[in-house]
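# For reference, the sequence and a predicted model appear below.
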Amino acid sequence: MSHPARTSQTPVAGSVDLVVTLGRLRLPNPILVASGTFGYGREMAGFVDLARLGGIVPKTITPLPRQGNVPWRTVETAAGLLNSIGLDNDGIDSFLVKLLPWLVACGAPVIVSVAGANQAEFVELARRLDDVPGIAALELNISCPNVSHGVDLGSDPEACRRVVAGVRDATRLPVLAKLTPNVTDIASVAKGARDGGADALTVINTCQGMAVDWRRRRPMLGNVIGGLSGPAIKPIALRCVHQVRQAVEIPIVGVGGIMTIDDCMEFFVTGASAVQIGTANFAEPIASIRLLEALPAALAELGATALADVVGTLVTPARAACPPPSPEGASHAE
């Protein structure tokens, strides 16, 4: 028995088709809001028409309630935000009873972010959520830098494959794996997620960083190290999307420092089929709607009648071997 359709039936904004297909997940448009930056939707309902969003990824849930890390939990930086929240949440039981029903009623596709301390916890969360009405997909947070062993399962390609495969066997829902940039080779981890059966990849989570109060000679975050988000990490996120696009064929959701429509378009042409808006929500709660409204004109500027026309169209220069030095050059160098 397949899950019923859970997405909006309005695929076109103006004359431009904004529908997104991420494996088995179909979304009305590519503008989503990122986990941890939009609460559980209710917090933003006074500012944003939630039904217009391509998808909502609420705060990550875990099997049991978590208090999170000690203060300070956030520190502003010159071009972004450091956070060390520590997956503060009330656990899956409370989420299912108190939060999810209201969120589903808002009308946007709901992609539930889950995190476990090990593969068994990820699998159990997926099993609990499998038959719950209104959930469009799961996003596996295997990349949180703010909890003990938070990135372990997302740093090793084989560990990543096992977690995704375990979840894939436990649910009929589409599965997105959220990857960390805090690795040497993100492409190999992406291949692990693909081999495990991921429908799509979310690229990227935050970059590890820290802030210091030099006068007090103390770190500013209670957990010392946190995750850096915002405009400062956009070049890193674009690089990761490009590398993952070259390595795997499954769709990518781009995340990292998106503030303007130009940022969105950079991710699309680099290879992302959708984007998630994160830190921008703190500074401008309506950022996602502003970007959605600007998207048709930006696509039309490229002569595109559908978002799919521009995804992955980045043209990179051919890499040619450097010619050998001329005899004159070699003589001169000597």
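Yep, it's here.

# Would you map the strands across the stretch 1-150 of the chain?
12-13, 16-17, 20-22, 25-27, 31-33, 55-56, 74-77, 80-83, 110-114, 135-141 (DSSP state E, counting those that start in this stretch).

# Tabulate the ones you listed (CSV), appending mean pLDDT.
Formatted as CSV, the strands of the stretch 1-150 of the chain follow (pLDDT from 0 to 100):
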stretch, mean pLDDT
strand 12-13, 48
strand 16-17, 95
strand 20-22, 98
strand 25-27, 98
strand 31-33, 98
strand 55-56, 98
strand 74-77, 98
strand 80-83, 98
strand 110-114, 98
strand 135-141, 98
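
# With mean neighbour count and distance to Thr62 added, can I get these in CSV?
C-betas here are computed from N, CA, C, even on glycine. Converted to CSV, the strands of the stretch 1-150 of the chain look like this (neighbours: other Cβ atoms under 10 Å; distance: least, Cβ to Cβ, whole Å):
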stretch, mean neighbour count, distance to Thr62
strand 12-13, 16, 36
strand 16-17, 18, 37
strand 20-22, 22, 24
strand 25-27, 23, 23
strand 31-33, 27, 20
strand 55-56, 27, 19
strand 74-77, 15, 20
strand 80-83, 24, 17
strand 110-114, 25, 7
strand 135-141, 25, 9
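
# Which among these is found nearest to Val244?
strand 20-22 (13.8 Å; Cβ to Cβ).

# Can you name the residues in contact with that closest one?
Residues outside strand 20-22 that contact it (Cβ atoms under 8 Å, 6 or more residues apart in numbering): 26-30, 54, 137, 174, 176, 199-200, 251, 253, 273-274, 307.

# Please narrow these to those residing in helices.
Among the contacts of strand 20-22, no member falls in helices (DSSP state H).

# Now do the residue nearest in space to the middle of the chain, the pLDDT please.
Geometric centre of the chain, nearest residue: Thr202, 4.0 Å, by Cα atoms, centre = their mean. Looking at Thr202, its pLDDT is 98.

# next one: Val151
Looking at Val151, the pLDDT reads 77.

# Could you check how far stretch 161-175 is from the centre of its chain?
Relative to the chain's own centre, stretch 161-175 is displaced by 18 Å; criterion: Cα atoms, centre = their mean, to the nearest Å.
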